[in-house]
Every structure is written in structure tokens, then in C-alpha cells.
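Trainee: need coordinates for the following:
(one chain, ligands or ions: 2)
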Amino acid sequence: MNTPAHDLPSRYGAVAMTLHWLIAAAIILNIIIVLAAPEGRTPLHMAIMSFHMALGLTVLVLSILRLVWRGINPVPPPPQGLAPLLRLAGAATHHLLYGLMIAIPLAGWLMVSVNHFTPSWFGLFAWPAIPGFGGLDKAAGHGWHETFETIHVVLGWAMIILIPAHIMAGLYHHVLRKDNVLLRMLPGTRLRSGV
Ligand code: HEM
Ligand code: HEM
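Mentor: Ligands and ions are numbered 1, 2, ... in the order given. This next block holds a predicted model:
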């Protein structure tokens, strides 16, 4: 089946699906590796953190692209007959996820920028500091580092809690409600008729 690039009223298009699944895989991988990273400044810890930062910055760019694409491409509406409260819960969760997809890597980038640290993007180039945040003196930089670190970690844990809720909602639609919400986000699937 040929999926168009843009979204349709019945299903997500190829661009939205590709970005959704790339971002989802990158975020889940990034959380797993940062939680599995060994303590202490060992070479393995440094390598994992370097990968965590590069992948996280990639998520930031892909999420901005996703939001721009969403802005020019109306997404499929909620399925018919969905209770207003569930409709609200879905919209709220999606907005929250978008907020976290931007705020978490941004806080990470701010955290390293104020320390004058420019992470390597997969060994290809040094990712610059956020303009205006790279020139702080050591004492001010340290204070801001702590602040952005706390924000980064707290929001990171909010994402860890929200992802299973989001997955459960997708499964609820597919298994219990038997609508097209999960299918319309999966490439190459045939939609159920009459729902
Ligand atoms: C998809 C984006 C990202 C996610 C979901 C994410 C998630 C997390 C989480 C959950 C933690 C806490 C781990 C723990 O409790 O031990 C963490 C730590 C950390 N993250 Fe990220 N992160 C992302 C992007 C970034 C970026 C872009 C940077 C920097 C450029 C970064 C730098 C760090 C650092 C330095 C730590 C360690 C902080 C500490 O030891 O307290 N992260 N990240
Ligand atoms: C880190 C992981 C994930 C993030 C950050 C994420 C984020 C999002 C966001 C922001 C949307 C709203 C799309 C829009 O309408 O603009 C969405 C939709 C969706 N996601 Fe995820 N997602 C993740 C993982 C997953 C997983 C593992 C599943 C599998 C069940 C999934 C299933 C869906 C489905 C079915 C939709 C479409 C909902 C609808 O049609 O209203 N997502 N996701």
C-alpha cells in the first residue's frame, strides 16, 4: 500500500509516522542507556554519556521538525464516539509529550552549555553552546548547571512515567476499543472499516 507523505483525515502520513517512530526509538534507547550507564567517570561511562548527548540533541532537532510538519499538516482527528474525557486525556498527553520532547534535550543542552562543554555529535563535529549561555563565568555556570540538571532529570523521569501510559492508551484503542488509532500510526496497515 502506498502511504502519502502528508497526513490524511483517516491516517498519519509517511513523514509523521517516520518521525514518530524514529523519535520514540531514540528516546527509549537514550533513557535505557543513561539508566544503565555505570557510575563513576570511567571510559565506558564517558562514551555512553557522549552518545546520550548526541542522540538527545538529534531528538531535539527531529522533534522541532515534527512540530513544524504538524503545524502545516493537520493530524487525523480523534476516533468517532470517543468520550470527551478520553479525548481530552489524549490531547493533553500528546501536548505533554511534545513539551517533554523539546524541554528535556533543551535542558540537557543548557546544562552543558553553561559549563562551556560542546558535546561531539557522533564524532563528526562539536555541537555549539546555546548562544548567550556559553560565556558565563565559572561560579555562575556552576549554579545554572545544577538548575538545568535538576530540570533535565525531573522531566526525564516524567517522560519515563508518561511513555508506558501512552503505550497503554494505544493498546486500549487497539485491543479493547478496536478502533484505528494504533493502526493509523503503523506503516503499511489496512484500516478497520466501520469504526
Ligand atoms: C531524548 C532526550 C533525552 C532524554 C530522554 C534524557 C533523559 C535523561 C535522564 C532520564 C537522565 C537521568 C538519569 C538518572 O536518573 O540517572 C539523564 C541524565 C543526563 N542527561 Fe539526558 N536526556 C536526553 C538528552 C540529553 C541531552 C541533549 C544532553 C546534553 C547535551 C543530556 C545530558 C545528560 C547528562 C549530562 C545527564 C547526567 C546528569 C546527572 O548525572 O545528574 N541529556 N538524561
Ligand atoms: C518515547 C516514546 C514516544 C513518544 C515521545 C511518543 C509521542 C507521541 C506523540 C507526541 C503523539 C501525537 C502525534 C500527533 O498527533 O501529533 C503520538 C501519537 C501516537 N503514538 Fe506515540 N510516542 C512514543 C511511543 C509510542 C509507542 C511505543 C507506541 C505504541 C503503542 C505509540 C503509539 C502512538 C499512537 C498509536 C499514536 C497516534 C495517536 C492518535 O492517532 O491520536 N507511541 N506519540
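
Trainee: the chain: helices as residue ranges?
Mentor: Along the chain, counting by DSSP state H, helices occupy 14-36, 43-72, 84-113, 138-171.

Trainee: turn these into TSV, including mean neighbour count and mean pLDDT.
Mentor: From N, CA and C alone the C-beta is placed, and that goes for glycine too. Listed next are the helices of the chain as TSV, based on neighbours: other Cβ atoms under 10 Å; pLDDT from 0 to 100:
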stretch	mean neighbour count	mean pLDDT
helix 14-36	16	98
helix 43-72	16	98
helix 84-113	17	98
helix 138-171	14	96
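
Trainee: closest one to Phe125 among those?
Mentor: Closest of the helices of the chain to Phe125 is helix 43-72, at 10.3 Å (criterion: Cβ to Cβ).

Trainee: got the helices of the chain as JSON lines, with distance to ligand 1 columns?
Mentor: Output for these, formatted as JSON lines (distance: least, Cβ to the nearest ligand atom, whole Å):
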{"stretch": "helix 14-36", "distance to ligand 1": "5"}
{"stretch": "helix 43-72", "distance to ligand 1": "2"}
{"stretch": "helix 84-113", "distance to ligand 1": "2"}
{"stretch": "helix 138-171", "distance to ligand 1": "3"}
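
Trainee: between these, which one is nearest to Arg192?
Mentor: Nearest to Arg192, of all those, is helix 138-171, at 14.7 Å by Cβ to Cβ.

Trainee: so which elements touch the closest one?
Mentor: Judged by 3 or more Cβ pairs under 8 Å, 6 or more residues apart in numbering; DSSP states H and E, helix 138-171 is in contact with helix 14-36, helix 84-113.

Trainee: go with 6 Å
Mentor: helix 84-113 (3 or more Cβ pairs under 6 Å, 6 or more residues apart in numbering; DSSP states H and E).

Trainee: what's the closest non-adjacent residue to the residue in the chain that ligand 2 sits nearest to?
Mentor: Residue of the chain nearest ligand 2, by Cβ to the nearest ligand atom: Gly170 (3.1 Å). Of all residues not flanking Gly170 in the chain, Leu182 sits nearest, at 4.8 Å (Cβ to Cβ, 6 or more residues apart in numbering).

Trainee: picking that back up, for Pro128, find the nearest of the helices of the chain.
Mentor: Among the helices of the chain, helix 84-113 comes nearest to Pro128, with 8.4 Å by Cβ to Cβ.

Trainee: around ligand 2, which positions in the protein sit nearby?
Mentor: By the rule Cβ under 6 Å from any ligand atom, the part of the chain lying against ligand 2 is 20, 23-24, 27-28, 70, 75-76, 90, 94, 97-98, 101, 163, 166-167, 170, 181-182, 184-185.
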